[in-house]
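>>> Give the three-dimensional model of this entry:
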Amino acid sequence: MKTFNKALQVALLAASVVLSACGGGSSSNSGSTSNSGIDWAAQPSWPITPTTPSTPDAPADANTVPIAVDRSMGSVNLLAVTLTVCPPSASNASQCETIPNMLLDTGSVGVRVTAGAISRSLKSKLLLQVGATDDASQSYPIAECALFGSGFTWGQVRRADVTIDPKQARNIPIQIIDDGAYATPQDCISSGPKFDMPSGFNGIVGIGHSVRDYPGVADKVLPVYYYCQSSAACYATRVSLDKQVMNPVAAFTASNNGTIIRLPALPAGGQASVTGELVFGVGTQGNNALPSNANVMMVDQYGYFTTEYQGRAFINSAIDSGTNGFAFPDSTIPTTGEWFTPARTLSLSASLEATNGAGTPIPLTFSIDNFINVTANGYAAYNSVGMYFSDMYLWGLPFFYGRNVYTVLEGAKVGTQVGPFVAF
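Coordinates of the predicted model:
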């Protein structure tokens, strides 16, 4: 995810939050030989048996939730979903709290709630995650420095029941951002600037292609997960997959193999607000079938594919609902701050293809308008805004308008296709 606010500042996590970018991102130069700064596990971390067309949910379960784009989250093209957080196995709903304005992000993995969005009482009831691999006592709390291309989030890992109505993920690890329990370790600070949340923004719901956010940390010590012996003493550590922040969709009991984001097309000049639909499961029941004519593109173990644009191949590309514009490196387009501000509307083209060469390249056309001019009406949703980004080629939320976008998890099978893949 790469998100800029109206004031032309970096508002949120400045990277694709596709799983690999959570590892710190990497160069988008065509000569790059690696898609990540972290050695990710080559094998999928899929912990449960996903539902498939051959074993459909029976009976058909409720699997949709409304999503919206409006100005309540403080900027343009921020896709919001509401969730409910409860203590694990809460005995009644009075123990739970509903949190609106959570950024819905196909480019990241895991639930990350700002400390200010939940009460102290609820936080105290969320079980501390303990048991880091390098913690000899197996009793010290675990915290996380979630790394993105231009910043980090820091906070405790706790366990919670998370409901994205009508589906529930029980007893999963989530991150509480800026909870103040432990001083941020220096090696986390050195990874980049800490990002600031825009007004009205309460966290992130990462529903990307993977199940756990940092598979590589299961086997290698990196400045990502820590065990904390005191408020001022946290140590980088390995953390097994079952203790890492988890994709909530993968923890559902059914329709758990992926998601569909459905957003309407926009008129010229944008729209004041947009309401759409998040559908859980792909090919598990009648309302989430993958069409036979869908564009299906395999992504690699990092969630990346290749974008061919103006004679260059960008191997670190992602379709990412958490980025609020088209984000790509093109120094020929004028900018104001990071936003593109060309003198006239640009009609551009590119092609998408699996980095391993599988399948047929998918040609796409898109437009870039002058951000300052087009957003002067104060609307929330625009399908033709973009920003300069040197590190990756991100097809952000403008890509989603007027499409059904399917995000299928690693190891999940939909018909003859095995994830991870994206389709539209």
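
>>> residue contacts, Thr345?
367-370, 384 (CB atoms under 8 Å, 6 or more residues apart in numbering). (Each C-beta comes from the backbone N, C-alpha and C, glycine too.)

>>> out of these, who's nearest Tyr225?
Ile368 (38.7 Å; CB to CB).

>>> my read: the closest one touches Phe328, true?
No - Ile368 is beyond contact range of Phe328, at 9.6 Å (criterion: CB atoms under 8 Å).

>>> Overlap in contacts, these two.
Gly386.

>>> follow-up on the earlier one: what would the contacts of Thr345 look like in CSV with secondary structure?
Output for these, formatted as CSV (DSSP: H, G, I helix; E, B strand; the rest coil):
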residue, secondary structure
Ser367, strand
Ile368, strand
Asp369, coil
Asn370, coil
Ser384, coil
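
>>> which of those tops the neighbour count?
Ile368 (25 neighbours; other CB atoms under 10 Å).

>>> would JSON lines of the contacts of Thr345 with pLDDT be doable?
Converted to JSON lines, the contacts of Thr345 look like this (pLDDT from 0 to 100):
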{"residue": "Ser367", "pLDDT": "98"}
{"residue": "Ile368", "pLDDT": "98"}
{"residue": "Asp369", "pLDDT": "98"}
{"residue": "Asn370", "pLDDT": "98"}
{"residue": "Ser384", "pLDDT": "98"}
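
>>> Now the two most distant members of those.
It's Ser367 and Asn370 that sit farthest apart of these, by CB to CB, at 11.1 Å.

>>> State the number of residues packed around the residue lying closest to Ala265 once chain neighbours are set aside.
Leaving out its chain neighbours, the residue that sits closest to Ala265 by CB to CB, 6 or more residues apart in numbering is Gly402, at 3.2 Å. Gly402 has 12 neighbours, counted by other CB under 10 Å.

>>> and stretch 295-305, what's its mean pLDDT?
Averaged over stretch 295-305, pLDDT sits at 92.

>>> try stretch 186-195
On average, stretch 186-195 scores 88.

>>> Need the CA coordinates for it. PDB is fine.
Taking C-alpha atoms only, stretch 186-195 is exported to PDB below (Å, rounded to 0.1, in the frame of the first residue of the first chain):
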ATOM      1  CA  GLN A 186      16.700   1.300  17.300                       C
ATOM      2  CA  ASP A 187      16.900  -1.200  14.400                       C
ATOM      3  CA  CYS A 188      13.200  -0.700  13.800                       C
ATOM      4  CA  ILE A 189      13.600   3.100  13.800                       C
ATOM      5  CA  SER A 190      16.500   2.700  11.400                       C
ATOM      6  CA  SER A 191      14.200   1.000   8.900                       C
ATOM      7  CA  GLY A 192      12.500   4.300   7.900                       C
ATOM      8  CA  PRO A 193      10.200   7.000   9.300                       C
ATOM      9  CA  LYS A 194       7.300   6.100  11.500                       C
ATOM     10  CA  PHE A 195       4.100   6.900   9.700                       C
END
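
>>> Would you indicate which residues of that stretch are buried?
188, 191-192, 195 (16 or more other CB atoms under 10 Å).

>>> do stretch 107-127 as well
In stretch 107-127, counting by 16+ other CB under 10 Å, buried: 107-115, 117-118, 122-123, 125-126.

>>> Stretch 238-246 too?
For stretch 238-246, burial by neighbour count (16+ other CB under 10 Å) applies to 238-239, 241, 243-246.

>>> Test my guess that Ile207 contacts Thr106.
Yes - if you go by CB under 8 Å, Ile207 and Thr106 touch, sitting 5.8 Å apart.

>>> Tell me where the stretch 151-300 of the chain has helices.
Counting by DSSP state H, counting those that start in this stretch, the stretch 151-300 of the chain has helices at residues 186-189.

>>> start to end distance for stretch 318-338?
This stretch, stretch 318-338, spans 19 Å end to end (CA to CA, to the nearest Å).

>>> if I pick Val130, what's in contact with it?
138-142, 227.

>>> Need the pLDDT of the residue lying closest to Gly203 once chain neighbours are set aside.
In space, and not counting its chain neighbours, Gly203 is closest to Val113: 4.2 Å by CB to CB, 6+ apart. pLDDT recorded at Val113 is 97.

>>> which element is Val113 on?
strand 109-114 (DSSP states H and E).

>>> What lies in contact with the helix or strand following that strand?
Where DSSP H and E defines the elements, the next helix or strand beyond strand 109-114 is helix 120-125. Helix 120-125 has contacts (CB under 8 Å, 6+ apart) with 85, 87, 90, 95-97, 115, 158, 176, 179.

>>> Neighbouring strands of the helix or strand following helix 120-125 in the sheet, and parallel or not?
Next along the chain after helix 120-125, taking DSSP H and E as the criterion, comes strand 127-128. Sheet partners assigned to strand 127-128 using DSSP bridges are listed as strand 151-164 (antiparallel).

>>> Run through the neighbouring helices and strands of the helix or strand containing Ile99.
Using DSSP H and E, Ile99 maps to strand 97-105. The helices and strands touching strand 97-105, judged by 3 or more CB pairs under 8 Å, 6 or more residues apart in numbering; DSSP states H and E, are strand 79-86, strand 109-114, strand 203-207.

>>> now those as CSV including distance to Val408?
What follows is these, written out as CSV (distance: least, CB to CB, whole Å):
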stretch, distance to Val408
strand 79-86, 19
strand 109-114, 14
strand 203-207, 11
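
>>> Out of these, flag the one nearest Ile172.
Of all those, it is strand 109-114 that lies closest to Ile172, at 7.4 Å by CB to CB.

>>> rewinding a little: among the buried residues of stretch 107-127, which two are most distant?
Gly107 and Lys125 (30.3 Å).

>>> still on that earlier bit, how about the strand holding Ile99: buried residues?
Neighbour-count burial for strand 97-105 flags 97, 99, 101-105 (criterion: 16+ other CB under 10 Å).

>>> possible to save those residues as a markdown table with distance to Thr259 and pLDDT?
Listed next are the buried residues of strand 97-105 as a markdown table, based on distance: CB to CB, whole Å; pLDDT from 0 to 100:
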| residue | distance to Thr259 | pLDDT |
| --- | --- | --- |
| Glu97 | 23 | 97 |
| Ile99 | 19 | 98 |
| Asn101 | 19 | 97 |
| Met102 | 14 | 96 |
| Leu103 | 14 | 94 |
| Leu104 | 9 | 96 |
| Asp105 | 11 | 93 |
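
>>> what two of the residues you listed have the greatest distance between them?
Glu97 and Asp105 (20.8 Å).

>>> thinking again about what came up before, for the residue nearest to Ala265, give its distance to Asp70.
Separation of Gly402 from Asp70 (CB to CB, to the nearest Å) stands at 18 Å.
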